[in-house]
Structures are given as C-alpha cells and as structure tokens.
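> Could you look at this predicted model? Sequence included:
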Amino acid sequence: MPRPLRVAVVGSGPSGLYAADALASQEALPLEVDVIERLPVPFGLVRYGVAPDHLSIRSVRDTLDKVLDRPGVRFVGNVRVGTDITVTDLHGCFDAVVWTYGASGDRRLGIPGEDLAGSVAATDFVAWYCGHPDADRTLFEDLVPKATGVVVVGIGNVAVDVTRVLAKTVPELDHTDMPQHVLDALGRSQVTDIHVLGRRGPAQATFTTKELRELGELAEADILVDPADLVLDPASQSIVDSDKAVARNLEVMRGWADRVPEGRPRRIHLRFFARPVELRGTEGVQAVVVERTRLTVDGGAEGTGELHEIAANVVVRSVGYRGTALDEVPFDSQRSVIPHVDGRVQRDGAAVPGEYVAGWIKRGPTGIIGTNKKDATATVASLLEDAAAGLLPEPASPDSADFDALLARRGVEVVTTAGWRRIDAAERARGAARGRDRTTIHAAADLLSEARP
Ligand SMILES: Cc1cc2nc3c(=O)[nH]c(=O)nc-3n(C[C@H](O)[C@H](O)[C@H](O)COP(=O)(O)OP(=O)(O)OC[C@H]3O[C@@H](n4cnc5c(N)ncnc54)[C@H](O)[C@@H]3O)c2cc1C
C-alpha cells in the first residue's frame, strides 16, 4: 500500500476549503490534506468579510464546514506560515503545497491628510465589525460613537456594506453574529450623514443591484442622489443598454432621485463624479476636499479642478483589497498575486511541480465566493496531473506525526477540527443566550481557551 500523498493547503477561506474538497473527492490516490490556517477558526473572509447581516451568504460556512469532516482532511488552525513554520518546513513535510492565503492588504488613496486620526481602511473597519481577532477594538470603539459625518470612498459592494452597517440601527443588526461590543458601539453612534463617493459615474459603479437596493430600505436613513449625476453620456448609455445589471442599478437610483426625503435621522448621499483630493483637520479629520471629475474617453475619470468640502470626522477608504508577499514564495508585486501557469506556481519563469495557488492570491480580489470553487478545482486538477506523472518532489518527512511533532517543538498551540468544533459550540451557546444563532468570539485568547478540551 503506497503512503498517502500529503498536501498542505495554506489558508482556510473558500479557496482553501474548496481545494481541500476537490482533493478529498478524488479516488485515484490515497491522500491527506492539512488545511493550515493562521487563525484559530476557519472560513477566511466568509467569517471576517461577508457582511454579518447577509445571513444567507454567510450560511455558505455550513457547506465549507462539512469539508473539515471529510476523511483525510484536518484543520490545523492557529499556525501562521512564515512565522510559526517556514515554507521550507512545509516542503520538508508535504508532497505539495497549495497557497490560498487570500489578499487581506488594503489599497491607499495617496492623498494629503490620509493618515489623520479618523481616516481608516474598510479592511480594518470590516474586520472590527466581524470580530476579527486582529481588529483594533480601541480604535473603532472610540471612533464609531463619535462619528457624525462619514465619507466612504469607493462604490463597490464593500463600500455599500460599510455604509449599510453604519446607517442601520441596532434592532436591524441584533439578529446577526456581530460581537456584543460591536453592537454596543454602533448603538452609541451619532452618525447623521454618510457620503459615498465614486470617482466615475453610476454606469461604471461595480455594486450589485441587490446590495444597492438595500440602502433604500433602511429604517432610519433617507437616501439622496443628485438627478444630475444620473444623466448619462453616450458611452455610459451604451453600457446601460448592453448590461442588464447596470440598467437595473440605474432604475433603482432614478427611483431614489425622485424620492422626497422623509426627514429620517440619517442620510446616505450617493455621490458620483467625485474624488477626494485632501483630508483636512488638525487633531483628526474634519473635512474632505472633493474634486468634481468627468469621464475620459477610455472610461476612466479625470479631475475638473472644481473643488468643494464635505464636513466629516470619519473617512473609510474602500478602494480595494491587495495580496501581500509571503517569505520564500514568488510574488508579482505589480499585480499583487502569486505568478502561476494553470495554478502551478512559477519560479524564475518556470512552473514548479509541488507548489500551487488558488483564490484571491492567484486571481486578485475579484469574483464571488463561488468563483473560488471553479478556480480551486482547476488548480487541484494541475496538482493531481503532476502527482500522476510522478513529478512531485519527495519530502524528507512525509508523515503527519512528523509535522505535528515539528509544530509541537515550535511551541505552537494547534487548533484541530475538534478544537474548532468546541469554539463553534461556544459561539452558538453565546448566541442562544441572546436569542440569535451565534455571537462571534472576538479575542484570540478566548477562542484558544474555548478550543481546549
Ligand atoms: C468585505 C468583503 C465582503 C464580501 N462579501 C461577499 C459577498 O457578500 N458575497 C460573495 O460572494 N463574496 C463576498 N466577498 C468575496 C469573498 O469573501 C472572497 O471571494 C473569498 O473570501 C476569497 O477567498 P480566499 O480563500 O481566496 O481568501 P480568504 O477568504 O481571505 O481566505 C484566506 C485565509 O488565509 C488565511 N491566511 C492568511 N495568511 C496566512 C498565513 N501566513 N498562514 C496561514 N493562513 C493564512 C487567512 O486568515 C484566511 O483565513 C467579500 C469580500 C470582502 C472583502
């Protein structure tokens, strides 16, 4: 009986778990998959990105969770590759490594005043309201209750999520799994105005209609759109004519432009052809200088020189996520992804058997959760092809006990699948005590303590 092929999948977001699932589904080879995750809990951005009030999308966790019960698949949580173990360590213990560690860095605006207090990245704000162990609680629990005017820069789905969470009341969020301290801070919010800025026009916005529509259905917020922003140039009109989703978005926004505001305590201002050029303030942000833009022939935006100020004490930049490099792993710093051919990592221009990539760190931060399934399955097909051709290099210690012993020597407290199940049960119990499905445990120390038998 040949020994099982040992595969390390680094990252337990959708791409990692879909890769593990594809590996566990094949029957040609005996196989063991360790899903190595730096956090004590699985699911990546499905737990720490997807908006907590989008319960049906978040429920994809239930499908992903089943992968951890498949024969041969282990969750190896609380192990950070690059710190707790090196890439060389992994190659010594596994026949193949699949990088699925996501793209959690944020992009910057590159404008004066960006580092003033009150200017934050959407990545950090989202991490806070989802209860990510690395989130800066002190920062946001100080900032959110003091916020009155907020500028959200960007008009993709993440910007819409951030806007909705800030505009909702606590009763509208109470059924979610948000940590209690997040709900408490949001409950103390004094936000009156949220300005969402897009540097291009409504036909170029990337949000989906379902997400957009929700902004007009909030209990305590009016939505305001300037009808002049919805007048389309011929290029924008042709996008609307050829893309049904964009046409639907326009229809929703035109409906809002016709609405008379109802005098609700919060207002969401959807503003197109507007880009921030400076954040002003002394102690912290007090105002955002915004330049009017116009579309260029290639569909981009250029400034018109026409400036105005928006009063705001919080600015959330939501201009994209970005992959970051891991020591000893090839990285294309222009595109912020790991270079590959058909999912095989490229080193010095050539694909190397034994090293693969899937998900956001392969494609960049695009697509929906399901996109990662097709992507991870294609990568696994390349891996299995190399295994069948006998191309995978032989590791020095291809035994799971050797890998476990290595982690123990490094003093790493591994969270196993059973440990994660204990965390899961504890979160459900906390939720039940408040009449909801789950309450997310925020602190890493608390997660680790719940994981222990
Ligand atoms: C705010 C936000 C909201 C979104 N909402 C939706 C939505 O509503 N619907 C939808 O379809 N899609 C949504 N998406 C997109 C979706 O979340 C992504 O497509 C998906 O999560 C990408 O999967 P991934 O596995 O490549 O990366 P991730 O989900 O980021 O997973 C990467 C994992 O790797 C781990 N990791 C990182 N570094 C290391 C390391 N050194 N060692 C070990 N582990 C490591 C991370 O902790 C993480 O668990 C959203 C994304 C964001 C950012």
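Structure's in. What do you need?

> Now stretch 371-385: buried residues?
371-373, 375-377, 379-380, 382-384 (16 or more other Cβ atoms under 10 Å). Using the backbone N, CA and C atoms, a C-beta is placed for each residue, glycine as well.

> my bad, should have said stretch 186-196
For stretch 186-196, by 16+ other Cβ under 10 Å, it's 186, 189, 191, 193-196.

> ok, of the buried residues of stretch 371-385, which one's closest to the ligand?
Using Cβ to the nearest ligand atom, Asn372 comes nearest to the ligand of the buried residues of stretch 371-385, at 4.9 Å.

> Which SSE is immediately downstream of whatever helix or strand the closest one lives in?
Element membership for Asn372 (DSSP states H and E) is helix 371-388. Downstream of helix 371-388, the next assigned helix or strand under DSSP H and E is helix 400-409.

> what ranges of the stretch 1-150 of the chain fall below the confidence cut-off?
Judged against pLDDT under 70, the stretch 1-150 of the chain has no low-scoring part.

> and if we set it to 80?
Flagging of the stretch 1-150 of the chain using pLDDT under 80 yields the residue ranges 1.

> so what's the residue of the stretch 351-453 of the chain found nearest the ligand closest to, chain neighbours aside?
The ligand sits closest to Gly359 of the stretch 351-453 of the chain, with a gap of 2.4 Å, by Cβ to the nearest ligand atom. In this structure, Gly359 finds its nearest non-sequential neighbour in Ser15, 2.5 Å apart by Cβ to Cβ, 6 or more residues apart in numbering.

> Also Val415?
Nearest in space to Val415, with sequence neighbours left out and distances taken as Cβ to Cβ, 6+ apart, is Gly77 at 3.5 Å.

> doesn't Val412 make contact with the one you found?
No. Gly77 is beyond contact range of Val412, at 10.0 Å (criterion: Cβ atoms under 8 Å).

> name the helices or strands packed onto the helix or strand Gly303 falls within?
Using DSSP H and E, Gly303 sits in strand 301-311. Here strand 301-311 touches strand 149-153, strand 274-280, strand 287-295, going by 3 or more Cβ pairs under 8 Å, 6 or more residues apart in numbering; DSSP states H and E.

> Tally up the residues packed near Ala351, please.
17 (other Cβ atoms under 10 Å).

> again with the one 5 residues further on
Look at Tyr356: counted by other Cβ under 10 Å, it has 28 neighbours.

> which SS class is it?
strand (DSSP: H, G, I helix; E, B strand; the rest coil).

> do Thr440 as well
For Thr440, the assignment made with three-state DSSP gives coil.

> Look up how far the ligand lies from the residue nearest to it when sequence neighbours are not counted.
Nearest residue to Thr440 in three dimensions, chain neighbours excluded: Gly131, at 3.7 Å (Cβ to Cβ, 6+ apart). Counting by Cβ to the nearest ligand atom, to the nearest Å, the gap from Gly131 to the ligand is 13 Å.

> Report how many residues lie close to Gly131.
25.

> Ala443 is in contact with that one, correct?
No. Checked against Cβ under 8 Å, the pair Gly131 and Ala443 is beyond contact range at 9.0 Å.

> mind checking the SS state of the residue in the stretch 51-200 of the chain that the ligand sits nearest to?
Residue nearest to the ligand within the stretch 51-200 of the chain (Cβ to the nearest ligand atom): Gly102, separated by 2.5 Å. Secondary structure, three-state DSSP: Gly102 is coil.

> again, but for Ile268
Ile268 is classified as strand under three-state DSSP.

> contacting residues around Asp174?
By Cβ atoms under 8 Å, 6 or more residues apart in numbering, Asp174 lies in contact with 183, 436.

> For the helix or strand hosting Arg430, buried residues please.
Here Arg430, judged by DSSP H and E, is contained in helix 417-432. For helix 417-432, burial by neighbour count (16+ other Cβ under 10 Å) applies to 417, 419-420, 422-424, 426-427, 430-431.

> hang on, the earlier thing: just give the number of residues close to the residue of the stretch 51-200 of the chain closest to the ligand.
Counted with other Cβ under 10 Å, the neighbours of Gly102 add up to 25.

> Could I get the contacting residues of it?
Gly102 makes contact with 11, 13, 15, 44-45, 323, 359-361, according to Cβ under 8 Å, 6+ apart.

> Which residue comes closest to it once chain neighbours are left out?
Spatially, and ignoring its direct neighbours in sequence, Gly102 is nearest to Trp360 (4.9 Å; Cβ to Cβ, 6+ apart).

> Confirm for me that Val357 is in contact with His340.
Yes. The criterion here is Cβ under 8 Å, and Val357 meets it with His340 at 5.0 Å.

> These two: which is more packed in?
Taking other Cβ under 10 Å, Val357 and His340 do not tie; Val357 has more neighbours (29 against 23).

> Pull the contacting residues for that one.
98-100, 337-338, 340, 343, 345, 379.

> out of these, who's nearest His54?
Distance to His54 across those (Cβ to Cβ) is lowest for Thr100, with 22.4 Å.

> Span of stretch 318-330 from start to end?
With Cα to Cα, to the nearest Å as the measure, stretch 318-330 spans 27 Å from end to end.

> could you pull out the helices for the stretch 151-300 of the chain?
Under the criterion DSSP state H, counting those that start in this stretch, the stretch 151-300 of the chain carries helices at the ranges 157-167, 170-173, 180-187, 209-214, 234-242, 244-258.
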